[in-house]
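Peer 1: Sequence unavailable; structure follows:
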């Protein structure tokens, strides 16, 4: 299980890739609100925005083994995924 005290993005992403739900939840908590705000500006409906962001994170979990996670690029990747879904 991912140790939050490690404070290392690479370890967090590797834990997610290996199926660590705790690490995935930490990532979700870190990015969910900002992604909702971005989606809300695009779709102009808060409930739809939340649903879209949840779908992004579901897809991320389902395809976690194929993503090349790098913390420095992760937020940008989420924005790109967000744009594709919306």
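Peer 2: Okay, I see it. Just so we're clear, the structure is a prediction, and the values are computed from it rather than from any experiment.
Peer 1: By mean pLDDT, flag the weakest helix or strand of this structure.
Peer 2: Lowest by mean pLDDT, DSSP states H and E among the helices and strands of the chain is helix 71-85, with a mean of 64.
Peer 1: Show me what secondary structure element comes after the longest helix along the chain.
Peer 2: Scanning the chain for the longest helix, with DSSP state H as the assignment, gives helix 21-43. Scanning forward in sequence from helix 21-43, with DSSP states H and E defining helices and strands, the next element found is helix 46-62.
Peer 1: got the buried residues for that next one?
Peer 2: For helix 46-62, the neighbour count (16 or more other Cβ atoms under 10 Å) marks 49, 52-53, 56-57, 60 as buried. (Glycine included, C-beta is placed from N, CA and C.)
Peer 1: So which elements touch it?
Peer 2: Packing contacts for helix 46-62, counted by 3 or more Cβ pairs under 8 Å, 6 or more residues apart in numbering; DSSP states H and E, involve helix 21-43, helix 71-85.
Peer 1: Around the closest residue to residue 65 other than its chain neighbours, how many other residues sit close by?
Peer 2: Leaving aside its chain neighbours, residue 65 sits nearest to residue 17 (5.9 Å; criterion: Cβ to Cβ, 6 or more residues apart in numbering). When neighbours are counted by other Cβ atoms under 10 Å, residue 17 registers 16.
Peer 1: residues contacting residue 53?
Peer 2: By Cβ atoms under 8 Å, 6 or more residues apart in numbering, the contact set of residue 53 is 32, 35-36, 39, 82.
Peer 1: Repeat the analysis, applying 6 Å as the threshold.
Peer 2: With contacts taken as Cβ atoms under 6 Å, 6 or more residues apart in numbering, residue 53 has the following neighbours: 35-36, 39.
Peer 1: Now flag whichever of those is closest to residue 64.
Peer 2: Closest approach to residue 64 among those (Cβ to Cβ): residue 35, at 16.7 Å.
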